[in-house]
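> structure here, sequence nowhere to be found:
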Ligand SMILES: C[S@@+](CC[C@H](N)C(=O)[O-])C[C@H]1O[C@@H](n2cnc3c(N)ncnc32)[C@H](O)[C@@H]1O
């Protein structure tokens, strides 16, 4: 197996034309549109496929794609990066459960029957929404029994959503789970399945954040969200697509709602004034209701 260093040495710069040739294949064979992906991400992932298939050039790789029907799946797998784990960036979860959630829950309690609504956009196999559900379950059980919480979790990858609905993880997958939360999993040899009391807090569905037809997942019905998490999704897109996604997230948030991005992500320049950062330590923003986009 080649080391990262060795890969770097053979990394080829790809032209827009090279990438278009591959995009065409993806669109034709699987209807997958990668036109909004960042050039550097696609370049890096395609390089890996060139390397693994020993095809060296783009025309040769396209020929390989035609004669090896399974290769399109390998290419899709490498382009849809759904790495995730429970309590990823623990600071975010600490901040949420110590600062944001207690205030929001108190507000919900006093406004009577208003459910707390959260959207995990780009939820992969469910690790993020389930982590949140465990924290919320603890807070609600202790302080606000009876308060309704709806966590909507969406991803455009149907395989990821199937896995999320199964809610079954390996012991490696639950590495970051605190001891006190292990009670929320039933264990069978090396697999851990999330129990029903946590599962029922999360509603999974397939939804593409670049879908032009709606501003939030149809399953979430009407109403805005108090918190939207969209972590480690924007990094895969070019600025134009990031703007489209941020526009959707902005519109889906309630006034004073919170947006949470990944550790290395920030709103694009166009959206700087629409989200105000509230802590230095992580990418947590509050919606600035300065107008409609
Ligand atoms: C790296 S994972 C991040 C998962 C989780 N949010 C986290 O931070 O651990 C990115 C996820 O975003 C999903 N994704 C990428 N583009 C998307 C889009 N346009 N609409 C919905 N989901 C998308 C991918 O399928 C993948 O599951």
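Arrived safely, thanks for sending. Quick caveat, the model's predicted, so the values are computed rather than measured.
> what about residue 226, which SS state?
strand (DSSP: H, G, I helix; E, B strand; the rest coil).
> unless I'm mixing things up, residue 89 is touching residue 263, no?
Yes - between residue 89 and residue 263 a contact is recorded at 5.4 Å, counting by CB atoms under 8 Å. C-beta coordinates here come from the backbone N, C-alpha and C atoms, glycine included.
> and these two? Which one has more around it.
More crowded of residue 89 and residue 263, by other CB atoms under 10 Å: residue 89, with 19 against 13.
> next up, the contacts around that one.
Counting by CB atoms under 8 Å, 6 or more residues apart in numbering, residue 89 touches 231, 262-263, 282.
> does the ligand sit close to the helix ranked longest in the chain?
As assigned by DSSP state H, the longest helix anywhere in the chain is helix 127-143. Yes - contact of helix 127-143 with the ligand (CB under 6 Å from any ligand atom) involves residue 128.
> who does that helix touch, helix- and strand-wise?
helix 90-95, helix 101-110, strand 116-121, strand 149-155, helix 196-199, strand 202-206 (3 or more CB pairs under 8 Å, 6 or more residues apart in numbering; DSSP states H and E).
> how far does it sit from the chain's center?
Put simply, helix 127-143 sits 18 Å off its chain's centre (CA atoms, centre = their mean, to the nearest Å).
> and if you look at stretch 159-171?
Counting by CA atoms, centre = their mean, stretch 159-171 comes out at 14 Å from the chain centroid.
> what lies in contact with that stretch?
With contact meaning CB under 8 Å, 6+ apart, stretch 159-171 is reached by 80, 82, 86, 123-127, 129-130, 153-155, 185, 190-194, 199, 202, 204-206.
> mean pLDDT, mean neighbour count and distance to the ligand added to the helices and strands packed on helix 127-143, as a markdown table?
Formatted as a markdown table, the helices and strands packed on helix 127-143 follow (pLDDT from 0 to 100; neighbours: other CB atoms under 10 Å; distance: least, CB to the nearest ligand atom, whole Å):
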| stretch | mean pLDDT | mean neighbour count | distance to the ligand |
| --- | --- | --- | --- |
| helix 90-95 | 96 | 18 | 9 |
| helix 101-110 | 92 | 16 | 18 |
| strand 116-121 | 95 | 26 | 6 |
| strand 149-155 | 95 | 24 | 5 |
| helix 196-199 | 96 | 16 | 17 |
| strand 202-206 | 95 | 19 | 8 |
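> low-confidence ranges, the stretch 101-250 of the chain, go.
Applying pLDDT under 70 to the stretch 101-250 of the chain flags residues 113, 218-223.
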